[in-house]
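>>> predicted model, plus sequence, below.
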Amino acid sequence: MHAIGVNPWVWASPVDDKALAELVPRIAAFGFDAIELPIEQPGDWDPVRTRDLLATHGLAAAGVCAVTPPGRDLVDAAPAVVEATVEYLKGCVDSAAAVGAPCVGGPVYAAVGRTWRMTPAARVACYADFREALAPVADHAGERGVSIGVEPLNRYETSVVNTVEQTVELLDGLPPNVGIMIDTYHMNIEEADPYGALALAGPYIKHVQVSGTDRGAPGADHLDWPRFFEVLAGTGYRGAVCIESFTAENETIATAASIWRPLAPSQDRLAQDGLAYLRRILG
């Protein structure tokens, strides 16, 4: 059975030492197995302190989430921007290794919300630039036993990769520790057949994020979750499945994630209802 985790973004942003000190005991008390750890800015949380906090409460570090605000780009950007983004991602890898997280995942190619039109030739060049820029991060991660999960986003948040098929093309030639981070929210928007896309992603899956099709709790939406997990089982992926949603109460994160209304009676309920549903589905 998959470990079931949750992202503290459900409640807070930034996720720093103070937020983790409050949220980790609550997340453990709800019955989660694991937690995702986003890094909005280097130093938001101390890896050693966080490792010990998770151990105290019996939670695993399911993954580290790389965050790409404006100015974090590996493609179509000035060399200094690319260099700084590479260093940021290497730092994410170091934090993941320190807390025992197997994966760094996210839209590591370009800033969220940055879109531009590309001809087929320009897209080929963009993907080649990405592979060249990510290579030192992949090597750094490989040396530390960490994988990189590249996350395709919906069309409103990026024009680089929106589908699993595009992401497979993007990864061609990169080492095997670089793969795909699945996010059901984006798949629901972009994939004509999300279950077929999940099967295609199978050999490349490094991490899985789940949420309802409205960004709320899994189960209170129209995705065929039993079918999703049946296909996921067929891929051989045995890692954690983590609920990712966001609070409408924090202006910064609500604006970034376009959360304009509460998605549950409370954020605790969103997490608890999602966990209960996933437990029923996964058995």
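Received, thanks.

>>> give the rounded mean pLDDT of the longest helix belonging to the chain.
For the chain, the longest helix by residue count, based on DSSP state H, is helix 120-143. The average pLDDT for helix 120-143 rounds to 98.

>>> off-centre distance for that helix?
Chain-centre distance of helix 120-143: 19 Å, with CA atoms, centre = their mean, to the nearest Å.

>>> so after that helix, what's the next helix or strand?
Using DSSP states H and E, the helix or strand that directly follows helix 120-143 along the chain is strand 147-150.

>>> for the next helix or strand after that next one, give me every contacting residue.
Using DSSP H and E, the helix or strand that follows strand 147-150 in sequence is helix 164-171. By CB atoms under 8 Å, 6 or more residues apart in numbering, the residues outside helix 164-171 that reach it are 109, 127, 130-131, 150, 152, 160-161, 178-180, 187, 191, 197-198, 200-201, 204. Backbone N, C-alpha and C define where each C-beta goes, glycine included.

>>> could you redo the last one with a cut-off of 10 Å?
75, 109, 123-124, 126-128, 130-131, 134, 138, 148-152, 160-161, 163, 178-182, 186-187, 190-191, 194, 196-205 (CB atoms under 10 Å, 6 or more residues apart in numbering).

>>> buried sites along that helix?
For helix 164-171, a neighbour-count test (16 or more other CB atoms under 10 Å) marks 164, 167-168, 170-171 as buried.

>>> is it true that residue 77 touches residue 85?
Yes: using CB atoms under 10 Å, residue 77 is in contact with residue 85, at 7.6 Å.

>>> which one of those two is surrounded by more residues?
Higher neighbour count among residue 77 and residue 85: residue 85, with 25 against 19, using other CB atoms under 10 Å.

>>> phi, psi of the more buried one?
phi -70, psi -40 (degrees, to the nearest 10).

>>> that one contacts residue 71, correct?
Yes: between residue 85 and residue 71 there is a contact under CB under 10 Å: 8.3 Å.

>>> what do the two both touch?
Here residue 85 and residue 71 have 77, 111 as joint contacts, going by CB under 10 Å, 6+ apart.

>>> hang on, the earlier thing: need the residues touching each of residue 77 and residue 85.
Common neighbours of residue 77 and residue 85 (CB under 10 Å, 6+ apart) are 71, 110-111, 133.

>>> can you pull the contacts of the residue lying closest to residue 50 once chain neighbours are set aside?
Leaving out its chain neighbours, the residue that sits closest to residue 50 by CB to CB, 6 or more residues apart in numbering is residue 99, at 5.5 Å. By CB under 10 Å, 6+ apart, the contact list for residue 99 reads 35, 37, 45-55, 60-61, 63-64.

>>> filter these down to the buried ones and hand me the PyMOL line.
Only the buried members of the contacts of residue 99 enter the following PyMOL selection, criterion being 16+ other CB under 10 Å:
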select buried, resi 35+37+45+46+47+50+51+53+54+60+61+63+64
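
>>> can you flag which of the contacts of residue 99 belong to strands?
35, 37, 60-61, 63-64 (DSSP state E).

>>> can you redo those as TSV with pLDDT?
Supplementary listing: those in TSV, determined by pLDDT from 0 to 100:
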residue	pLDDT
35	98
37	98
60	98
61	98
63	98
64	98
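
>>> how about these, which pair is most distant?
Using CB to CB, the ones in strands among the contacts of residue 99 span at most 12.5 Å, a distance reached by 60 and 64.

>>> show me which residues of stretch 218-237 are buried.
218-219, 221, 223, 225, 228-229, 231-232, 235, 237.

>>> wait, which of the buried residues of helix 164-171 is closest to residue 31?
Proximity of the buried residues of helix 164-171 to residue 31 (CB to CB) peaks at residue 164, which lies at 30.8 Å.

>>> give the buried residues for the lowest-mean-pLDDT helix or strand in the chain.
Counting by mean pLDDT, DSSP states H and E, the chain has its least confident helix or strand at helix 251-256, which shows a mean of 78. Neighbour counts over helix 251-256 (16+ other CB under 10 Å) mark 253-254, 256 as buried.

>>> could I have the CA atoms of that helix written out in PDB?
Coordinates of each C-alpha in helix 251-256 appear next as PDB, following Å, rounded to 0.1, in the frame of the first residue of the first chain:
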ATOM      1  CA  GLU A 251      -3.100  35.900   0.100                       C
ATOM      2  CA  THR A 252       0.200  35.000  -1.500                       C
ATOM      3  CA  ILE A 253      -0.400  31.400  -2.000                       C
ATOM      4  CA  ALA A 254      -4.100  31.800  -2.900                       C
ATOM      5  CA  THR A 255      -3.200  34.200  -5.700                       C
ATOM      6  CA  ALA A 256      -0.400  32.000  -7.000                       C
END
